[in-house]
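Trainee: 3D model of this:
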Amino acid sequence: MIVQELLFPNFDTCANYDMYFRMVGSRFMVTEGFEYWHADQDRYDPAADRRTYYAPEERAVHMESWQYLVFDTYFNSFPVAKWTRYTRLNNLKLQLELKGRFHVRVAHAYHMHSVPFTNAFTERICSAGERTVFEFDIPLNDMNRGMVCFRLDTLEEDGNVYYGGRYVTEVDESTLNDVDLAIDICTFRREAYIERNIALLNREIIENPASPVHGHLDVFISDNGKTLDIGRLSSDRVHIFPNKNVGGAGGFSRGMIEILNMQEKRRFSHALLMDDDVLINTDALVRTYRLLQFIRPEFAGKTVAGAMLRLDSRYIQHECGGWWDGSFVHPCKDNYDLTQLEHVLRNENDQSPTYNAWWYSCIPMTKISNANLPMPIFIRYDDVEYGLRTGSDIIDMSGICLWHEPFEYKYSSGMEYYHMRNALIVNSLHRPGFTGKDAANLLKGMIRSNLGRYRYKNCDLLLRAVEDFCKGPEFLFNTDAEALHKDLMASADKFRPLKELSVQFDELKYLKSLDAKERIRHKLVRYITLNKHLLPRRGYNVVDAALSNTKDFAGRRAVLNYDISGNRGFVTEYDRSKMIAAIKASRKMQRRLKAEYARVSEAYRQAQPKLTSREFWDRYLGL
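Mentor: Here you go, the predicted structure:
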């Protein structure tokens, strides 16, 4: 049985060669042992690169002599430590399809004490005049960290071709776990993404009998915008449901409900929650499926987490699991350059995330029931709350990923409301040590941050969020979430075309604001003068709306908050009277939080079973 295919660059998803293999020419035929596995840079022959090339039409790499390919990469290494820990895999082989004469070395690689180690355990000279499969045994003993990888060195002048390969195992398939996946997608007016991903899933899995996942995958789409062509896109395996626009929480809950409704017919083992605006890696679904087939019973309750890679820089990992500190979410393994060996190896280390975001979160159906649905908090932290509640530990694997638009391209002023309100709700439910004083400090910090950016509308939204939180769970029961969201967006700062703004866009100012460095002297002046609020104000600045720092607002009359993805922005201006009013209102609300937080938190805890029940959601969604 194939456990993991060796992949070639895919020009539809990620064509960065170093994510798959490293193509390097060398003046030396073979290095001794593995000491030069990654130390050939000083021996590198640039001209040799032209003699190694990937032919996508053949799905093959052609190589002349004195060259090598290294497969210690994100997509083509094998995460052996995690497989031996979490699964019943008890034998493993590497199969390579080669033509020509190669020196093949298979190795165990891992990261320890900030140093990468690579130890070869098998090597062989492989020679064939035509395309031939060569097999290498991989011992699984003592593989408690890192990954398995390999290297090919050519020994002939020409005619050397690598055709791919796979990691395989011998297993009685009747002993494997029964796995059927239900993808749960929530979408709002993302027709292009949805149609592309449905076509991809149909072509590569649903209508492809050669796929291991064929016959084991259904797709459930909650169409919050009611804009999809259901008749054209639906099938026996693709199910689309028009839904009220009640945010991600409502959309994913609708998907869970429909999956539960079909359990008698399909007997799904897992629900895979997935964002709509993503680029799917279908091999990630195959790897997820294989992992779940082999998983040990004691780990069957774990959630399989897919990493988020950036859509604009497809070799950069934004997050692989996350953790909640009571105020903010923090990504695990963030900003990893997955073309670099050190980061690929560090990616194999566990960082004990407490939840996984719902761009790719494969949750066992044993955790999902009519009595255990998400909280109706519309958007922001719904995945955090559900992850903390279900207690699903996280398994992540290199190669299980998708590509998502970076969040700095998605700044929305109105999200401040949900950040504040939902953070208080999540803490009420899952952090018993979080007090009214902590809640007041959270509000104080967020108000201060927005005052430093002249975002007085955000301050109003934060105060409104606390007001609504203090109304208790009855507010969630009785509020029209769709109408509330429209009102919040109308109250927030809105992006406009640059030509409509009162401040001229200046690219040099914008680029300078992206530099987070600041001299100690300047920082001291800002501290003493309350971010220069005690000094005269002059001029303007241009900052990134999502990545701005209060230092770039200091001493300015106005600031253009720029959105690079849409080439648009909004202007915030210093207003002393609005600042004072926000400070006074904030202090009053802080006192209220200190006095009422304990009582309100208890009310949320008591109401949670009802708020997460099928009865509530049926009424909420009008089913």
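Trainee: contacts only, for the residue nearest to residue 401 when sequence neighbours are not counted.
Mentor: Distances taken as Cβ to Cβ, 6 or more residues apart in numbering put residue 307 closest to residue 401, at 4.1 Å, once the chain neighbours are dropped. All C-beta spots, glycine's among them, are computed from the backbone N, C-alpha and C. Applying Cβ atoms under 8 Å, 6 or more residues apart in numbering, we find residue 307 in contact with 317, 319, 320, 333, 360, 396, 400, 401, 402.
Trainee: which pLDDT value goes with the first one?
Mentor: To tie it back to what came earlier, the one meant is residue 317. Looking at residue 317, its pLDDT is 96.
Trainee: list the helices and strands the host helix or strand of it packs on?
Mentor: Assigned by DSSP states H and E, residue 317 falls within strand 316-319. Applying 3 or more Cβ pairs under 8 Å, 6 or more residues apart in numbering; DSSP states H and E, we find strand 316-319 packed against strand 303-310, strand 336-337.
Trainee: residue 406: which of those strands is closest?
Mentor: strand 303-310 (5.3 Å; Cβ to Cβ).
Trainee: could you give the mean pLDDT of the closest one?
Mentor: 95.
Trainee: pairing partners for it, with directions?
Mentor: In the sheet, strand 303-310 lines up against strand 316-319 (antiparallel), strand 360-364 (antiparallel), strand 394-404 (parallel) (DSSP bridges).
Trainee: with distance to residue 178 and mean neighbour count added, can I get those in a markdown table?
Mentor: Below are those laid out as a markdown table (distance: least, Cβ to Cβ, whole Å; neighbours: other Cβ atoms under 10 Å):
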| stretch | distance to residue 178 | mean neighbour count |
| --- | --- | --- |
| strand 316-319 | 31 | 22 |
| strand 360-364 | 13 | 25 |
| strand 394-404 | 19 | 23 |
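Trainee: which one's the longest strand in this structure?
Mentor: Longest strand of the chain, by residue count under DSSP state E: strand 115-138.
Trainee: buried ones in that strand?
Mentor: 116, 118, 120, 122, 123, 126, 134, 136, 138 (16 or more other Cβ atoms under 10 Å).
Trainee: now the third one, which residues is it bridged with?
Mentor: Think residue 120. Applying DSSP bridges, one finds that residue 120 bridges with residue 107.
Trainee: can you check the pLDDT for it?
Mentor: On the pLDDT scale, residue 120 gets 92.
Trainee: swap in the fifth one?
Mentor: According to the predicted model, the pLDDT of residue 123 comes to 95.
Trainee: so how far is the longest strand of the chain from its chain's centroid?
Mentor: 34 Å (Cα atoms, centre = their mean, to the nearest Å).
Trainee: nearest residue to residue 117 in space, please, no chain neighbours.
Mentor: Nearest one to residue 117, counting by Cβ to Cβ, 6+ apart, is residue 110 at 5.6 Å.
Trainee: quick one: what helix or strand has the one you found in it?
Mentor: Judged by DSSP H and E, residue 110 forms part of strand 92-112.
Trainee: as JSON lines, the strands paired with strand 303-310 with distance to residue 480 would be great.
Mentor: Listed next are the strands paired with strand 303-310 as JSON lines, based on distance: least, Cβ to Cβ, whole Å:
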{"stretch": "strand 316-319", "distance to residue 480": "33"}
{"stretch": "strand 360-364", "distance to residue 480": "28"}
{"stretch": "strand 394-404", "distance to residue 480": "30"}
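Trainee: can you list the low-confidence ranges for the stretch 401-550 of the chain?
Mentor: Within the stretch 401-550 of the chain, no range satisfies pLDDT under 70.
Trainee: at 80 instead, please
Mentor: By pLDDT under 80, the weakly predicted segments of the stretch 401-550 of the chain are 516, 530, 533-534.
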